[in-house]
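Asks: what shape does this take:
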Amino acid sequence: MLLSMGRTRHIPKDAKPTTISLTVSQHIAFQRLQIERQEEGSSKPTLTEVMLEGFQLVLKRVGLTDAELEKLFPKQVQRRAAVRVIPKRRRG
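Replies: Model (predicted):
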């Protein structure tokens, strides 16, 4: 039996959780973005990923350089998930 793995983590482990509030129309707009990305062949973005992408665009417009943005938002290294085979239990 193979152990099924969940979604790979895209958020750094040192990130602190926070809360945002969205109106119904804002939530629908976010879902449209998810659908567009999936139709393009990309993976479905999380709300955190979309918020970070928007935050980067705002900071770029304010005048931060690409090097400064790279320091604030380093690229996450994607590691392959380890798949383990779980042996069956022997019944007495």
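
Asks: next, residue 85: phi, psi?
Replies: Per-residue torsions, residue 85: phi -90, psi 120 (degrees, to the nearest 10).

Asks: what bits of the chain have low per-residue confidence?
Replies: Low-confidence segments of the chain (pLDDT under 70): 1-10, 76-79, 92.

Asks: change it to 90
Replies: Applying pLDDT under 90 to the chain flags the ranges 1-22, 30-57, 66, 69-92.

Asks: any chance you could map the helices in it?
Replies: 24-40, 47-62, 66-72 (DSSP state H).

Asks: mind putting those helices into CSV with distance to residue 85 and mean neighbour count?
Replies: All C-beta atoms are positioned from the backbone trio N, CA, C, and that covers glycine. Converted to CSV, the helices of the chain look like this (distance: least, Cβ to Cβ, whole Å; neighbours: other Cβ atoms under 10 Å):
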stretch, distance to residue 85, mean neighbour count
helix 24-40, 31, 11
helix 47-62, 32, 13
helix 66-72, 39, 10
